[in-house]
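S.K.: I would like to see how this sequence folds:
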Amino acid sequence: MKFVLIFGAQAVGKMTVGHELEKITDLKLFHNHMTIELVHPFFDFGTKPFHRLVNLFRQEIFEEVAKSDLYGIIFTYVWAFDQKADWDFVNHICSIFKSRGGEIYFIEIIADFEERLIRNKTPHRLEHKPTKRNIEHSEHNLRVTMDQHRLTSLEGEITRNNYIKIDNTNLSAEEVARIIKEKFEL
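M.R.: Residues are numbered from 1 along each chain as shown. Below you'll find the predicted structure:
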């Protein structure tokens with residue numbers, strides 16, 4: 001079992017890269033908005049019921065996948081490195097797969113802010129993430145989150161063996177997926 005965590009700031013291209021990686025491997029994509037979009041029609045983002053249900057669905061999916069005979073799963077995540085809760089979440093989900101002998105891969109994707117603003121409006125993103133369709137609100141959220149949290153790791157902060165940081169500002173999602181596949185022999 002392979003657990004591939006693709007993380008980075010909003011609109012950096014995590015889901016799009018995940019879709020491309022899914023096409024060229026036997027991995028299945030579970031992007032973070034799959035649970036967000038499921039719960040959002042019932043409970044507003046940030047409320048206790050919203051967080052509880054999103055976390056519950058993710059936990060159950062991770063546990064079922066970890067004990068399945070699937071080749072592996074890709075999960076995308078916006079990791080605030082200045083938040084202990086985010087570190088705890090990442091460590092917890094990795095432990096689910098590690099406890100069953102899974103191999104863990106960390107892929108950090110970064111891109112220039114101006115490129116992220118462009119990607120925030122792409123049809124592919126808006127198709128899969130209805131809560132991002134209010135572009136004005138989504139762009140505001142990009143700016144606020146960038147000002148409030150550190151969404152890029154520091155040099156040497158990620159100490160995992162299977163880790164790569166890719167600046168995809170000028171790379172296509174297909175190119176990034178190929179880099180990941182080749183680097184980790186997926």
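S.K.: and N32, how close does it get to L154?
M.R.: 22 Å (C-beta to C-beta, to the nearest Å). Any C-beta I mention is one placed from the backbone N, CA and C, and that applies to glycine too.
S.K.: what does A9 give?
M.R.: A9 is 14 Å from L154, by C-beta to C-beta.
S.K.: please identify which of these two sits among more neighbours.
M.R.: A9 (23 against 8; other C-beta atoms under 10 Å).
S.K.: wait, the more buried one touches L151, no?
M.R.: Yes. A9 is within contact range of L151, at 4.0 Å (criterion: C-beta atoms under 8 Å).
S.K.: so in this structure, which helix runs the longest?
M.R.: Ordering each helix of the chain by length in residues (DSSP state H) puts helix 48-66 first.
S.K.: helices and strands around whichever helix or strand comes after that helix, which ones?
M.R.: Next along the chain after helix 48-66, taking DSSP states H and E as the criterion, comes strand 72-77. If contacts are counted by 3 or more C-beta pairs under 8 Å, 6 or more residues apart in numbering; DSSP states H and E, strand 72-77 sits against strand 2-7, helix 14-24, strand 28-30, helix 48-66, helix 84-98.
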